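Participant: Dropping the sequence and predicted coords here.
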Amino acid sequence: MDKAQFEAMLKEKGIILSPEQLRQFDLYFQLLVEWNEKMNLTSITDEKDVYLKHFYDSISAAFYFDFTKPLTICDVGAGAGFPSLPIKICFPNLKVSIVDSLQKRINFLTHLTEQLGLTNVSLYHDRAETFGKNKLHRESYDVVTARAVARLSVLSELCIPLVKQNGNFIAMKASSAQDELENGKKAIQVLGGKVKDVKSFELPIEQSERSIIIIEKQKSTPNKYPRKPGTPNKLPLE
Ligand SMILES: C[S@@+](CC[C@H](N)C(=O)[O-])C[C@H]1O[C@@H](n2cnc3c(N)ncnc32)[C@H](O)[C@@H]1O
């Protein structure tokens, strides 16, 4: 997907980018590739691939969820900033927090957000399991997002505790969504969530399958979750 296709395909979805927002995506690509030479941020470095598989793919959540309001968002395991930073560039009204367990990635994100001039972005070096116990963050976000971090049964324990009641957890998945939903049912219910919507679609050009799973937080998460770092992965709530 070249830059012109990126701009046109977002326009079709009602997302109209200004010259400044296009410049921010351009700089994001350049800094991603530059820093990727010093540290492992992504295996995708070709410009057209970055625009499709990182930028457009991240923004696809906004085709199914309204980000036009001044929501607070926490992106768990954002790595090089996906999906929250492309969404933030499109919707500058959002207040974004990112938590990632790798300090090097947080260093990249600090530099990136400064260079892009993004305001209302907070970066935290922490494990989601500890972050979710922290009173300042627990049950405090309108929306929690995650892409490519863990399977749904595990991911739910990392993300749902951070969602405020009546807020939403948005999990961005590839083709495995149906199986993950089946195995994630128990975790979602125990943690206070309910599957509200599952939207499946094909990523343009390469036509690979994607699903956006929207889980609404209906009840408060029991205090014992998330369990200590590593436990959600070792003993998933399946
Ligand atoms: C495969 S990368 C995906 C990055 C990004 N979400 C994307 O879609 O490109 C997974 C990221 O999650 C982070 N991560 C994994 N487990 C985590 C945890 N328990 N708490 C916080 N971050 C975690 C890793 O450090 C890594 O940056």
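Facilitator: Yep, that arrived. Keep in mind it's a predicted model, so treat the numbers as computed, not measured. Numbering: from 1, shown residues only.
Participant: what's the longest helix in the protein?
Facilitator: For the chain, the helix with the greatest residue count under DSSP state H is helix 19-36.
Participant: Figure out how far the next helix or strand after that one is from the centre of its chain.
Facilitator: Beyond helix 19-36 in the direction of the C-terminus, DSSP states H and E gives the next helix or strand as helix 47-49. Its chain's C-alpha centre and that of helix 47-49 lie 20 Å apart, by C-alpha atoms, centre = their mean, to the nearest Å.
Participant: Let me know the average pLDDT across helix 47-49.
Facilitator: Helix 47-49 shows a mean pLDDT of 98.
Participant: near the ligand at all, it?
Facilitator: No. Helix 47-49 is not in contact with the ligand by C-beta under 6 Å from any ligand atom; minimum separation 12.6 Å. C-beta: built from backbone N, CA, C; applies to glycine.
Participant: what's next to that helix, contact-wise?
Facilitator: 1-3, 29 (C-beta atoms under 8 Å, 6 or more residues apart in numbering).
Participant: which one of the residues you listed has the most neighbours?
Facilitator: Counting neighbours by other C-beta atoms under 10 Å, Met1 leads the contacts of helix 47-49 with 22 neighbours.
Participant: Name the residues of the chain found near the ligand, please.
Facilitator: 77-80, 82, 99-102, 105, 127-129, 147-149, 158.
Participant: hang on, Leu10 packs against Ala62?
Facilitator: No. Assessed by C-beta atoms under 8 Å, Leu10 is found out of contact with Ala62, at 9.0 Å.
Participant: Three-state assignment for the residue lying closest to Ser84 once chain neighbours are set aside, please.
Facilitator: Among residues not flanking Ser84 along the chain, Asp75 sits closest, at 3.5 Å (C-beta to C-beta, 6 or more residues apart in numbering). At Asp75 the chain is in strand, as set by DSSP: H, G, I helix; E, B strand; the rest coil.
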